[in-house]
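Participant: Can you look at this prediction? I've put the sequence above it.
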Amino acid sequence: MQKNDLITVVIEDIGANGEGIGKADGYTVFIKDAVIGDVIEAKIMKAKKNYGYAKLIKIITPSEYRIKNPVCPLARKCGGCQIQEMEYGRQLQFKEEKVRGNLMRIGGIPKEDLEEIMDPIIGMEHPFAYRNKAQFPFGSDKEGRTVTGFYAGRTHDIIANTDCALGVPVNKDILEIVLGFMKENHIRPYDEKTGSGLIRHVLIRYGFATKEIMVCIVANGRKIPNVSRLLQKLRELKGMTSITISPNTSRTNVIMGDSYEVLWGTPFITDYIGDVKYQISPLSFYQVNPVQTEKLYGLVLDYAGLHGEETVWDLYCGIGTISLFLAKQAKQVYGVEIVPQAVEDARSNARINGITNAKFFEGKAEEVLPDYYREYNEKNEEKRTCADVVVVDPPRKGCDEVLLRTIAEMGPEKIVYVSCDSATLARDVKYLCGEGYEVKRARAVDQFPHSVHVETVVLMSRVEK
Ligand code: SAH
């Protein structure tokens, strides 16, 4: 097979990035935007010895899983969604299989055991307008006009769109106000190539339960000229609660700066998950899909199986969301989080909910927990349990081995592992299986419909010796 060859392919599988996989004369090709079941014509773009990458040219026979008119006309171009053209039920099946495959191949759990272990994936009833947060990059189009939207798949080209179908309708109003303000005041968007220009990103958060709105302008500087005009316009929007600026002058693709200042209103918005109230500030992590988050945390609570007497650790706790969700059914909860602002949020969240049995530590989980355990052992001659249940919810790269070893040494009855990357989850699960734990239950939760991402929760328990 050679570059520019035209081939006809039946799409038989889905790759980890949502692309279609098919075979032409025994040669495997990966084709973005092709849906499993499609028969297509494609053009080879890159040919390796045993496989290649091709571009979708024409759909000859559409798959039964192909959506005829995707809700967003930009779905194919935009990097935000990868599989919007695939019917939602099939998306869920794909995600569940992805998790199962990782637990099997990387986690080393036998297929037969997984049949028993895995509960069916939890999907959404209405998988649109679900995101409570979006970070919109600002830049210039080919004609030099200021635009905002989302990055295209692999590049930082901005696909202009103020009305993403996964986001809330108010995003559009806010972005139009910012674009209008920039035009009127001759304020340039940031240019990644030269490092010039002012407005880099606009972060918008929306409290689904409270209808409160947060806008945080990420700027290549500390001041925005004529900012009061912008504030005046934004304040007219119903629900506007917090307007902040986060200066970020470094030449990186990290979105947020490392601090923020209030321009108007409060430094946070408030939202609820179940009956727990949370204050969320611009730099803190907060799950993006509140409808699914309630189901996710409910599942964590269910797997943790608390009776009220347990000591629970919530590692990578963010603003204390899981900690506080569990606190009502535990004796004591300890949260550990690396971002100082998030720890502050966690502490005030405990306070505003009247929760007194949750304590938060600032630092790396892989340092805080070993330190705590060492001191605990020094102080307590008789061995009492210092952890009955440990919850971990790390970022994509998963847990540090030092942390996993410490958890195993502490010997909690149960470990509940929450993860947005089932590959690193499976790696860590395998490690814990070697340290005296076994997987009891696992379940995928679709926090991110139309993207290829999926959240997974695994319950492990200590093997009785
Ligand atoms: N459980 C929370 C947050 C999960 S996201 C929730 O559901 O909302 C992962 C969190 O881990 C982020 O808040 C991030 O700041 C934090 N984090 C990243 N590396 C860390 C580390 N080494 N130690 C502790 N926290 C860390």
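Facilitator: Done, it's in.

Participant: show me what contacts the closest residue to the ligand within the chain?
Facilitator: Residue nearest to the ligand within the chain (C-beta to the nearest ligand atom): G318, separated by 2.9 Å. Backbone N, C-alpha and C define where each C-beta goes, glycine included. Going by C-beta atoms under 8 Å, 6 or more residues apart in numbering, G318 touches 284-286, 337, 339, 342, 346, 393.

Participant: Quick one: neighbours of the closest residue to A134 other than its chain neighbours, just the number.
Facilitator: The spatial neighbour of A134 that comes closest, neighbours along the chain excluded (C-beta to C-beta, 6 or more residues apart in numbering), is G167 at 4.9 Å. Neighbour count of G167, defined by other C-beta atoms under 10 Å: 25.

Participant: Run through the helices of the stretch 51-200 of the chain in chain order.
Facilitator: Using DSSP state H, counting those that start in this stretch, the helices assigned to the stretch 51-200 of the chain run over residues 88-105, 111-117, 170-184.

Participant: Can you mark which positions in the last one are buried?
Facilitator: Within helix 170-184, the residues that qualify as buried by neighbour count (16 or more other C-beta atoms under 10 Å) are 170-171, 173-175, 177-179, 181-182.

Participant: picking that back up, host element of the residue of the chain closest to the ligand?
Facilitator: Assessed by DSSP states H and E, G318 sits outside every helix and strand.

Participant: Out of the contacts of G318, who's the most crowded?
Facilitator: Busiest of those [other C-beta under 10 Å] is A346, holding 30 neighbours.

Participant: which is the next helix or strand following the helix or strand hosting that residue?
Facilitator: Using DSSP H and E, A346 maps to helix 340-352. Toward the C-terminus, helix 340-352 is succeeded by strand 358-362 as the next helix or strand (DSSP H and E).

Participant: roughly how far is that following strand from the heart of the chain?
Facilitator: With C-alpha atoms, centre = their mean, to the nearest Å as the basis, strand 358-362 stands 23 Å off its chain's centre.

Participant: Go back to the contacts of G318 and keep what's next to the ligand.
Facilitator: Filtering the contacts of G318 for neighbours of the ligand using C-beta under 6 Å from any ligand atom leaves 285-286, 337, 339, 342, 393.

Participant: Report the lowest-confidence entry in those residues.
Facilitator: The lowest pLDDT within these belongs to F285, which sits at 88.

Participant: Correct me if wrong: that one contacts G320.
Facilitator: No: counting by C-beta atoms under 8 Å, F285 stays clear of G320, with 10.9 Å between them.

Participant: all strands of the stretch 1-150 of the chain, in order?
Facilitator: All strands of the stretch 1-150 of the chain, identified by DSSP state E, counting those that start in this stretch, fall at 6-14, 20-24, 27-31, 39-47, 51-61, 118-122, 133-140, 146-151.

Participant: May I see the buried residues of the first one?
Facilitator: Buried residues in strand 6-14, defined by neighbour count with 16+ other C-beta under 10 Å: 7, 9-11, 14.

Participant: Listing partners with orientation, what would you give for that strand?
Facilitator: strand 20-24 (antiparallel), strand 39-47 (antiparallel) (DSSP bridges).

Participant: what is the orientation angle of that strand with strand 51-61?
Facilitator: Per axes from the mean of the first three to the mean of the last three C-alpha atoms, to 10 degrees, the angle that strand 6-14 makes with strand 51-61 is 100 degrees.

Participant: Nearest spatial neighbour of A209, chain-adjacent residues omitted?
Facilitator: In space, A209 is closest to Y272, 4.0 Å off (C-beta to C-beta, 6+ apart).

Participant: repeat for T456
Facilitator: S422 (4.7 Å).

Participant: Hmm, H453 and the one you found touching each other?
Facilitator: No: under the criterion of C-beta under 8 Å, S422 is not in contact with H453, lying 9.7 Å apart.

Participant: Looking only at neighbour counts, state which of the two leads.
Facilitator: Shown here are S422 and H453; by other C-beta under 10 Å, S422 has more neighbours (25 against 17).

Participant: what's the more buried one in contact with, if anything?
Facilitator: Applying C-beta under 8 Å, 6+ apart, the residues near S422 are 98-99, 102-103, 444, 454, 456.

Participant: Closest one of these to I213?
Facilitator: Proximity of these to I213 (C-beta to C-beta) peaks at V454, which lies at 28.2 Å.

Participant: Perfect, I'm done here.
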